[in-house]
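Enquirer: This is a predicted model, with the sequence first.
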Amino acid sequence: MKTVKLFAGVVLALFLFTGCSTWSSSNVQLNKNIEVKEATNQESIVLTQGDITDKQYNVLAELSVDVNKTTLFHKDPTQEDANKKLKEEAAKIGADAVIFVRYGTVGVSLFSWGSLNAKGRAIKFIK
């Protein structure tokens, strides 16, 4: 009996104090009229909460990402975490920017101790 309690305690401690501080999920709704040619560099992608009016562009996709903390003891996900995930998803489809970026609020859900949602529209500039 003592061994079972010790084993359960060790497993619980490993679960609570190890692993990544965040995990994420995403949903990319591609524009069916646009063909993705090649990925872009994440660092070059521009994020803005408004529109870009000084350049013409094509809409590639609507993006939605969720960043989550793994355990109660990790820090809450931040807008920077969400921005990183938005850029990652936008880069995969060859976007130059993500416009109309908006954020939810951090909250506890059924599958996460803390979750932050971000959405935006991935675009490619017309050259």
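Expert: Perfect, thanks for sending it.
Enquirer: Reduced to three states, what does D81 come out as?
Expert: At D81 the chain is in helix, as set by DSSP: H, G, I helix; E, B strand; the rest coil.
Enquirer: Can you tell me the SS state at the spatially most central residue of the chain?
Expert: Nearest to the geometric centre of the chain sits K85, at 3.3 Å (C-alpha atoms, centre = their mean). Secondary structure state of K85, per three-state DSSP, is helix.
Enquirer: Excluding chain neighbours, give the residue nearest to it in space.
Expert: In this structure, K85 finds its nearest non-sequential neighbour in V65, 4.2 Å apart by C-beta to C-beta, 6 or more residues apart in numbering. The C-beta positions use only the backbone N, C-alpha and C, and glycine is treated the same way.
Enquirer: Let me know whether that neighbour touches K87 as I believe.
Expert: No - contact criterion C-beta atoms under 8 Å: V65 and K87 do not qualify, at 9.8 Å.
Enquirer: looking at the chain, which helix or strand does the model trust least?
Expert: Least confident element among the helices and strands of the chain, by mean pLDDT, DSSP states H and E: helix 2-17 (a mean of 55).
Enquirer: coming back round to it: I'd guessed the residue nearest to the centre of the chain sits against N68; true?
Expert: No - K85 is beyond contact range of N68, at 10.6 Å (criterion: C-beta under 8 Å).
Enquirer: The residue nearest to K85 looks like it's in a strand, true?
Expert: Yes - with three-state DSSP as the criterion, V65 is part of a strand.
Enquirer: what's the spacing between it and T53?
Expert: Per C-beta to C-beta, to the nearest Å, V65 is found 25 Å from T53.
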